[in-house]
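Q: Generate coordinates for the sequence data below:
(chains A and B)
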Protein chains: 2
Amino acid sequence: MLRLYDYLASGNGYKVRVILRLLGMPFERVEVDIVRGESRTAEFLAKNPEGRIPVLRLEDGTHLFESNAILCYLAEGTAYLPQERLARAQVLQWMFWEQYSHEPNVATVRHWVAHLGVPEEKRALLEQKRALGVRALSVMERHLEGRAFFAAERFTVADIALYAYTHVAPEGGFDLAPFPRVRAWLDRVKDRPGFTPITQA
Amino acid sequence: MLRLYDYLASGNGYKVRVILRLLGMPFERVEVDIVRGESRTAEFLAKNPEGRIPVLRLEDGTHLFESNAILCYLAEGTAYLPQERLARAQVLQWMFWEQYSHEPNVATVRHWVAHLGVPEEKRALLEQKRALGVRALSVMERHLEGRAFFAAERFTVADIALYAYTHVAPEGGFDLAPFPRVRAWLDRVKDRPGFTPITQA
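A: Residues are numbered from 1 along each chain as shown, chains lettered A, B, ... in the order given. As a prediction, this is how the structure comes out:
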């Protein structure tokens, strides 16, 4: 059986839980306490040298890491990842954008505010990241003009990747009120049959 | 003809130049002075709402952004991007890792040190990023034990993505001496037929 090394509050872990459940693939979930350093032990680093969850252990024992690469692996050959060359590249475009311009800001602010606390010396960096997070939400709002989903004119792994930290952005203090298209898209994603909440272990 | 919006010193732009030349695809290169804000004009934001180079304009007028998504688009159907599901996912795994854990540290330190200068208020952040950059190089060194390339047991777009900022890391003050496997891999990549230097416009 597939085994997912995971952390329940993690949006990156959540992405993998969502696709596994949408595809009806059974898996064993192993909770890794990242705040207590359980992803930085020698044993865990043998699974992912970067020391992060999620990691997916395949049937053959291979450990795959990077949440968006795992999404693509699991969605290969399904409607969630287009075969057509340009549509596929546009799905990847938004997934790379998510990891570079969205996650380090929206997710990090939420993690500090909601889980770790913000030490005084990180205040200035937090505010920089908050501004970049608002900028990322603005880029999403702009792109969603006239579009129901991010790429390929349908629901894909790009939407799963972007939903993960956008829908919990308010936990980091982000106000989604100025982003009506983002809010409508969040509802469209959430209401899909079989789409499960981040709290479901 | 394909048109590449580019900045000569950018490793992200360089990735696209490398694959286009390896594949023998003619293209028109448009230099965008990112330091002077030319990637943040309204005209440029219509091409990429994030306001970054590289952007590839396809024959049909579509603008594709995110360097690693462009790499995948151009390499689709060639030896540089495997068809096999797991090998393809492992290529993506290292490309997502590059954008999240390598580029924001190794590339940003180089950009500040070599191009922008480091203002006093960024000193502490620079040193944090330098430490994370060294950590990224260590992850690469560890992964290259017993391997010639990063994924799929051959030269792929993952190697192009990782080469781009690793080979110029010394411009940011990174010492590659402690990473002999990384240095040997850099030589293997550089010596491939048709592989062009970052200075080639």
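Q: all contacts plus neighbour counts: C-alpha atoms, from now on.
A: Fine.
Q: Close to chain B: what parts of chain A are there?
A: A:49-50, A:64-66, A:68-70, A:72-73, A:76, A:85-86, A:88-90, A:92-93, A:96-97, A:99-100, A:139, A:142-143 (Cα under 8 Å from any Cα of the partner chain).
Q: So which of the residues you listed are in helices?
A: A:68-70, A:72-73, A:85-86, A:88-90, A:92-93, A:96-97, A:139, A:142-143 (DSSP state H).
Q: Kindly supply the ChimeraX command isolating those of the residues you listed that are buried.
A: Here the buried members of these are turned into a ChimeraX selection, burial being counted by 16 or more other Cα atoms under 10 Å in any protein chain shown:
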select /A:68,69,70,72,73,86,88,89,90,92,93,96,97,139,143
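Q: how close does residue A:174 sit to residue A:133?
A: 8 Å (Cα to Cα, to the nearest Å).
Q: Between those two, which is the more surrounded one?
A: In terms of neighbours (other Cα atoms under 10 Å in any protein chain shown), residue A:133 is the more surrounded of residue A:174 and residue A:133; the figures are 24 against 18.
Q: I'd like the average pLDDT over the strand or helix carrying the more buried one.
A: Per DSSP states H and E, residue A:133 falls inside helix A:123-143. Averaged over helix A:123-143, pLDDT sits at 96.
Q: so what does whichever helix or strand comes after it touch, helix or strand wise?
A: Per DSSP H and E, the first helix or strand lying C-terminal to helix A:123-143 is helix A:157-166. If you count contacts as 3 or more Cα pairs under 8 Å, 6 or more residues apart in numbering or on different chains; DSSP states H and E, helix A:157-166 packs onto helix A:11-22, helix A:67-75, helix A:85-97, helix A:180-190.
Q: which stretch among these comes nearest residue B:35?
A: helix A:85-97 (20.7 Å; Cα to Cα).
Q: Now do that closest one against helix A:67-75: the angle between them, please.
A: Orientation check (axes from the mean of the first three to the mean of the last three Cα atoms, to 10 degrees): helix A:85-97 against helix A:67-75 gives 150 degrees.
Q: What is helix A:85-97 packed up against?
A: Right, helix A:85-97 is packed against helix A:157-166, strand B:63-65, helix B:67-75 by 3+ Cα pairs under 8 Å, 6+ apart.
Q: what's the closest of the ones you listed to residue B:104?
A: Nearest of these (Cα to Cα): helix B:67-75, 13.8 Å.
Q: For that closest one, the averaged confidence score.
A: Here the average pLDDT along helix B:67-75 is 98.
Q: Pull the distance from stretch A:155-167 to the chain's centre.
A: 6 Å (Cα atoms, centre = their mean, to the nearest Å).
Q: who wins for proximity to residue B:18 among the helices and strands packed on helix A:85-97?
A: helix B:67-75 (9.3 Å).
Q: tilt between that closest one and helix B:157-166?
A: Going by the same axes, to 10 degrees, helix B:67-75 makes 140 degrees with helix B:157-166.
Q: now the angle from helix B:67-75 to helix B:11-22?
A: Here the directions of helix B:67-75 and helix B:11-22 differ by 10 degrees (the same axes, to 10 degrees).
Q: Can I get helix B:67-75 in PDB? Just the C-alpha atoms.
A: Only the C-alpha atoms of helix B:67-75 are listed here, as PDB (Å, rounded to 0.1, in the frame of the first residue of the first chain):
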ATOM      1  CA  SER B  67      11.500  28.700 -16.500                       C
ATOM      2  CA  ASN B  68      11.000  25.100 -15.400                       C
ATOM      3  CA  ALA B  69       7.500  24.800 -17.000                       C
ATOM      4  CA  ILE B  70       9.100  26.200 -20.200                       C
ATOM      5  CA  LEU B  71      11.800  23.600 -20.000                       C
ATOM      6  CA  CYS B  72       9.200  20.800 -19.700                       C
ATOM      7  CA  TYR B  73       7.200  22.300 -22.600                       C
ATOM      8  CA  LEU B  74      10.200  22.400 -25.000                       C
ATOM      9  CA  ALA B  75      11.600  19.000 -23.900                       C
END
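Q: Can I get the helices and strands packed on helix A:85-97 in JSON lines including distance to residue A:14?
A: Shown next, in JSON lines, are those (distance: least, Cα to Cα, whole Å):
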{"stretch": "helix A:157-166", "distance to residue A:14": "7"}
{"stretch": "strand B:63-65", "distance to residue A:14": "26"}
{"stretch": "helix B:67-75", "distance to residue A:14": "23"}
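Q: Of all the ones you listed, which one comes closest to residue B:17?
A: helix B:67-75 (9.6 Å).
Q: Now that we're looking at residue A:42, what pLDDT does it have?
A: So residue A:42 comes in at 96 (pLDDT).
Q: again with residue A:120
A: pLDDT, read off for residue A:120, is 87.
Q: so how far is chain B from it?
A: 14 Å (Cα to the nearest Cα, to the nearest Å).
Q: Give me the number of neighbouring residues for that residue.
A: For residue A:120, using other Cα under 10 Å, the count is 8.
Q: and what of the one 4 residues further on?
A: Close neighbours of residue A:124, defined as other Cα under 10 Å, add up to 10.
Q: about what we covered before: for the helix holding residue A:133, enumerate the helices and strands it packs against.
A: So helix A:123-143, by 3+ Cα pairs under 8 Å, 6+ apart, packs with helix A:108-110, helix A:180-190.
Q: Which residues does stretch A:193-201 contact?
A: Stretch A:193-201 has contacts (Cα atoms under 8 Å, 6 or more residues apart in numbering or on different chains) with A:8, A:9, A:11, A:14, A:18, A:21, A:22, A:29, A:189, A:190.
Q: Try it again at 10 Å.
A: A:6-11, A:13-15, A:17-19, A:21-24, A:29-31, A:160, A:164-165, A:167-168, A:189-190 (Cα atoms under 10 Å, 6 or more residues apart in numbering or on different chains).
Q: For PyMOL, what selects the buried ones among the residues you listed?
A: Filtering the contacts of stretch A:193-201 down to the buried ones (16+ other Cα under 10 Å) takes a single PyMOL command:
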select buried, chain A and resi 6+7+8+10+11+13+14+15+17+18+19+22+29+160+164+165+167+168+189+190
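Q: would residue A:28 count as being in a strand?
A: Yes - counting by DSSP: H, G, I helix; E, B strand; the rest coil, residue A:28 is found in a strand.
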